[in-house]
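Novice: got a structure for you, letters missing:
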């Protein structure tokens, strides 16, 4: 599962980068469409969620494999 999330996280970063570039191009036009500036937020949310999971993964594994302290 961790490998899949890591791979998805990489693809989310590619999607985020593409949407940021598209947003810069769209907002540089003479009559910019303002709602385009919100397009990168969805890939950013996906990056946040997958990044938080990947950050917590070592701690979750350690907790699962740790012997009882009782």
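Specialist: Received it, and whenever you're ready, just let me know what you need. From a predicted model like this one, the values you see are computed outputs, not experimental measurements. Numbering: from 1, shown residues only.
Novice: So which bits of the helix or strand containing residue 19 are buried?
Specialist: Using DSSP states H and E, residue 19 falls within helix 2-27. By 16 or more other C-beta atoms under 10 Å, the buried positions in helix 2-27 come out as 5, 8-9, 12-13, 15-16, 19, 23. For the C-beta atoms, the positions are set from N, CA and C on the backbone; glycine is no exception.
Novice: before we move on, what about stretch 35-48?
Specialist: So, applying 16+ other C-beta under 10 Å, buried residues of stretch 35-48: 36, 39-40, 43-44, 46-47.
Novice: show me what contacts the spatially most central residue of the chain?
Specialist: The structure's the chain has its C-alpha centroid closest to residue 47; by C-alpha atoms, centre = their mean the separation is 0.6 Å. Taking C-beta atoms under 8 Å, 6 or more residues apart in numbering, we find residue 47 in contact with 9, 12-13, 16.
Novice: which one of the residues you listed is nearest residue 57?
Specialist: Residue 57 has its nearest neighbour among these in residue 9, at 11.2 Å by C-beta to C-beta.
Novice: wouldn't the closest one be in contact with residue 49 here?
Specialist: No: Residue 9 lies out of contact with residue 49 (C-beta atoms under 8 Å); the separation is 9.3 Å.
Novice: hang on, the earlier thing: determine the set of other helices and strands touching the helix holding residue 19.
Specialist: Packing partners of helix 2-27 (3 or more C-beta pairs under 8 Å, 6 or more residues apart in numbering; DSSP states H and E): helix 41-65.
Novice: what's the offset of the helix it packs on from the middle of its chain?
Specialist: Centroid separation for helix 41-65 versus its chain: 10 Å, with C-alpha atoms, centre = their mean, to the nearest Å.
Novice: One more: stretch 56-69?
Specialist: Worked out by C-alpha atoms, centre = their mean, stretch 56-69 lies 24 Å from the chain centre.
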